[in-house]
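Colleague: this is a predicted model, with the sequence first.
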Amino acid sequence: MTLSFTALTSALQINRSDAELLLATAARMEAAIQKDGGTDLAGGKVLAALFYEPSTRTRLSFETAMLRLGGKVISAEGVEFSSISKGETIEDTIRVVGGYADVIAMRHPQMGSADRAAAVSEVPFINAGDGPGQHPTQALLDLYTIQKERGGIEGVHIAMVGDLKFGRTVHSLTQLLSLFPSVRFTFVSPAALPMPEKVTNLLREKGIAYIETTDLKEGLQADVLYMTRVQKERFADAAEYERLKLAYILTADLLQGKQCTVMHPLPRVGEITEDVDALPAAAFFREAHNGVPMRMALIAHLLRLV
Amino acid sequence: MTLSFTALTSALQINRSDAELLLATAARMEAAIQKDGGTDLAGGKVLAALFYEPSTRTRLSFETAMLRLGGKVISAEGVEFSSISKGETIEDTIRVVGGYADVIAMRHPQMGSADRAAAVSEVPFINAGDGPGQHPTQALLDLYTIQKERGGIEGVHIAMVGDLKFGRTVHSLTQLLSLFPSVRFTFVSPAALPMPEKVTNLLREKGIAYIETTDLKEGLQADVLYMTRVQKERFADAAEYERLKLAYILTADLLQGKQCTVMHPLPRVGEITEDVDALPAAAFFREAHNGVPMRMALIAHLLRLV
Amino acid sequence: MTLSFTALTSALQINRSDAELLLATAARMEAAIQKDGGTDLAGGKVLAALFYEPSTRTRLSFETAMLRLGGKVISAEGVEFSSISKGETIEDTIRVVGGYADVIAMRHPQMGSADRAAAVSEVPFINAGDGPGQHPTQALLDLYTIQKERGGIEGVHIAMVGDLKFGRTVHSLTQLLSLFPSVRFTFVSPAALPMPEKVTNLLREKGIAYIETTDLKEGLQADVLYMTRVQKERFADAAEYERLKLAYILTADLLQGKQCTVMHPLPRVGEITEDVDALPAAAFFREAHNGVPMRMALIAHLLRLV
């Protein structure tokens, strides 16, 4: 079986069959990591990790994935990227690097840059985040985490908490979860930072249930509590920010007697207190670790190695 | 057969036999990439890529070459290079890194730095560009590109266009092509930026024909049109720069009915319009890709693996 | 046999049995490098090199060690480290990266950061320098160098020269050498920069002989002369700095007729003149090279591969 795309720039490209294929392959990859540290499937293949803005966590996850697939990695990170300072277009850089590598993962601060790159890439291309745009592999690893932590995706009730207006990861994840119509959503956000209509419209079209609220306590009733940061720079009124920031801090106390799995795309900067870490429900580090087998699965399918 | 050098700092070191050996090995390396993604010749060997100034394209090309040879890579790029900020000499850095790696490729902003490094290196050394000095592997990959695109080097007529006075790549390539006395040259440049006498003297000594002109149209009669940037900072008079910049922009229109292969060391910043990209004559991306097999060939010979 | 620790943050953790085990394994690793370029022991294993401050020499040494062990490397260096700029704690970064990699080597500018990281790391952890704190692998490679250069550690007389008050490497090395009670010390430093009492107290407790002096010439009587930098910023009085700087410059002249092995953690910035380099006694570049087999030994034991 193969994926429906050769370049992944948006979670919207992923259909139900793609999602199930990637979930199944990720599980096999995770088993291979546990058993042998990885596989040799990608012998002779090279991944180029082009990070126009630093994102060490994501870059290391992609690189680990390729290495544990048995492949090799070339990598560039940061503003000192020389071809940029000489004025080269993203398109030309991709055309050149596509002659070095067999697959490209790119991070770039500008929304739309991933589509521009994918349009000219002669090798499989993965968007590793394009500014306020998409970050589809985060959504995929989140999906894999929900399946592992809850035993499946069907019927799961997920609460998303924080800045839902500007939060790239919650948009992509909601789009991906909408492939499973039995999933239910509770969106917990400040009134000024609700889930955008482009996302809620998608749910309405598909007849998927969702609730919008400003109260974190409503989210605690869900199976999965997906926490995100509320960013100070989104608020004109500093006092309003301070009030809301405190309203959306998850503590071990709040979780007492609850059954929900706690997720977070990380880094956290106070939204989840450290006393949560020791709870079995705290899945956010396991979530980060799941990025490796899921990215292995994605690369393996794009290179037609599985 | 072996190369006549163990450290390559200048195109002037390369003799006719070296050039033919590298061209032949590069072709074999390219075939190995097509077939298996590379070779295992360099198993157990380590390349150190020391880039004192960023040059992502060149660094990734060297690293890809070593990885596709079956070797391993250690790499450093950028101004934050710690040993520099602590005042260490290039010589000491090379002496230390030569105990880690089996071969070193170095990029450095100062002319002459490569010679200083090569003088103390206990392992094979490759100059990956020393400021306004030399960049011999660019010349080698250009030579390989001409051979592939035109079926051979002998008798080729090449036109070089742009800032020929300060352009490092056109000096090195002319020196290398002068090993083939049947090659003819047309040098197209602003009057103030001609090919330096040190280069034209070499051609005269060898009895090699060349023409100097300011007119791009004369260059269009050649078999190979080697475009380069005209850099604004070279001109005292901004109006003069604007006039010449426009004079040396290659478009698909200009190429109509011409048979020339278009090359460019990249990055381009306007000298070749995007409508040229789709023409069969547009060889500049293939040229960039040729850096991998040619650098594989060079490393393999320096390490005596072939 | 196994080491007494699973995370190495300080030379004080290393007992006599650990030291002997690592010295023996390092010698086997060095033989494997000479014979085959390394080993395949670490196939399927990944080292994460997390360098919060640049230290190219140390990073490349760790990376070379892992590659020559047959393992793979993921790497991050410099201030642009994205998770930091987003306010993530060291602990969270280590928890995440511990899910990617099998072993972590970390460099960080803050003293104590290595202990914080080791406390939460779920994989073996190595301190690659925590600011003014510890740098235990430098001490280990120095120990290995003394053994190789002098035929053993027992009975060696070592003179340490320079800023002994703030010099991290001389503290760690003295602590490590104190495992061998027959070793004797001469500490040569400006009066204002003596070896700290925490170190000399350790020697007194163990009944190990040491002499303190301000005169470099006394150091020249030792078997090993361990030179370090005297840093200008430690002096309130610039004239005093200039006087002492000159007092502690080692030249070939000073070494005439002496039998001592010259070591230096590098980079040197004038403490050892270049005419020393050609003397057989000049061991400082061999010392740097010894970092690779010693770090291979340490990683191999921490991963229980030997």
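Modeller: Right, received. Where do you want to start?

Colleague: going forward, measure contacts and count neighbours with C-alpha atoms only.
Modeller: OK.

Colleague: could you check how far the closest residue to chain B within the stretch 201-306 of chain A is from residue B:120?
Modeller: Nearest residue of the stretch 201-306 of chain A to chain B (C-alpha to the nearest C-alpha) works out as residue A:303 at 12.6 Å. Residue A:303 sits 43 Å away from residue B:120, taking C-alpha to C-alpha, to the nearest Å as the criterion.

Colleague: wait, what's in contact with residue A:3?
Modeller: A:17, A:18, A:21, A:301, A:302 (C-alpha atoms under 8 Å, 6 or more residues apart in numbering or on different chains).

Colleague: hang on, I meant residue A:139
Modeller: Contact analysis of residue A:139 by C-alpha under 8 Å, 6+ apart lists A:11, A:169, A:170, A:172, A:173, A:176.

Colleague: then residue A:215?
Modeller: By C-alpha under 8 Å, 6+ apart, residue A:215 lies in contact with A:188, A:189, A:247.

Colleague: the last one - nearest residue in space that isn't next to it in sequence?
Modeller: What that stands for is residue A:247. Take residue A:247 and drop its neighbours on the chain: the residue closest to it by C-alpha to C-alpha, 6 or more residues apart in numbering or on different chains is residue A:216, 7.2 Å away.

Colleague: the one you found and residue A:254: what is the separation?
Modeller: Per C-alpha to C-alpha, residue A:216 is found 10 Å from residue A:254.

Colleague: picking that back up, verify the stated contact: the residue of the stretch 201-306 of chain A closest to chain B with residue A:126.
Modeller: No: using C-alpha atoms under 8 Å, residue A:303 is not in contact with residue A:126, being 11.7 Å away.

Colleague: okay, the two: which has more neighbours?
Modeller: A side-by-side neighbour count of residue A:303 and residue A:126, using other C-alpha atoms under 10 Å in any protein chain shown, places residue A:126 first with 28 against 17.

Colleague: so what sits opposite the more buried one in the bridge?
Modeller: Judged by DSSP bridges, the bridge partners of residue A:126 are residue A:8, residue A:105.

Colleague: returning to that earlier point: check contacts around the residue nearest to residue A:247.
Modeller: Counting by C-alpha under 8 Å, 6+ apart, residue A:216 makes contact with A:161, A:188, A:247, A:248.

Colleague: element containing residue A:299, please.
Modeller: helix A:284-302 (DSSP states H and E).

Colleague: how near is residue A:296 to residue A:41?
Modeller: Using C-alpha to C-alpha, residue A:296 is found at 10 Å from residue A:41.

Colleague: output the longest helix seen in chain A in CSV with nothing but the alpha carbons.
Modeller: Longest helix of chain A, by residue count under DSSP state H: helix A:16-36. Extracted as CSV, the C-alpha positions of helix A:16-36 are listed here (Å, rounded to 0.1, in the frame of the first residue of the first chain):
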residue,chain,number,x,y,z
ARG,A,16,-8.2,8.0,6.4
SER,A,17,-6.3,5.3,4.5
ASP,A,18,-3.1,7.2,4.8
ALA,A,19,-3.6,7.7,8.5
GLU,A,20,-4.3,4.1,9.2
LEU,A,21,-1.3,3.0,7.1
LEU,A,22,1.1,5.4,8.9
LEU,A,23,-0.3,4.3,12.3
ALA,A,24,0.3,0.7,11.5
THR,A,25,3.8,1.2,10.2
ALA,A,26,4.8,3.5,13.1
ALA,A,27,3.9,0.7,15.5
ARG,A,28,6.1,-1.7,13.5
MET,A,29,8.9,0.9,13.6
GLU,A,30,8.6,1.3,17.3
ALA,A,31,8.9,-2.4,17.8
ALA,A,32,12.0,-2.4,15.6
ILE,A,33,13.6,0.4,17.7
GLN,A,34,12.9,-1.6,20.9
LYS,A,35,14.3,-4.8,19.5
ASP,A,36,17.3,-3.7,17.4
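
Colleague: so does the very next helix or strand once past that helix get close to chain C?
Modeller: Moving toward the C-terminus from helix A:16-36, the next helix or strand (DSSP H and E) is strand A:46-51. No: if you take C-alpha under 8 Å from any C-alpha of the partner chain as the test, strand A:46-51 misses chain C, and the best it gets is 11.2 Å.

Colleague: could you break chain A into its assigned domains?
Modeller: The record, using automatic domain parsing to delimit domains, assigns chain A the ranges A:7-134+A:290-302, A:137-287.

Colleague: and residue C:284, which of these is closest to it?
Modeller: Closest to residue C:284 of the domains of chain A is domain A:7-134+A:290-302 (C-alpha to C-alpha; 32.1 Å).

Colleague: what distance do you get for the nearest residue to residue A:13 once chain neighbours are set aside to residue A:19?
Modeller: Once flanking residues are discounted, residue A:13 sits nearest to residue A:5: 7.3 Å by C-alpha to C-alpha, 6+ apart. Going from residue A:5 to residue A:19 by C-alpha to C-alpha gives 12 Å.

Colleague: what stretches of the stretch 151-300 of chain A score poorly on pLDDT?
Modeller: Scanning the stretch 151-300 of chain A for pLDDT under 70 picks out no residues.
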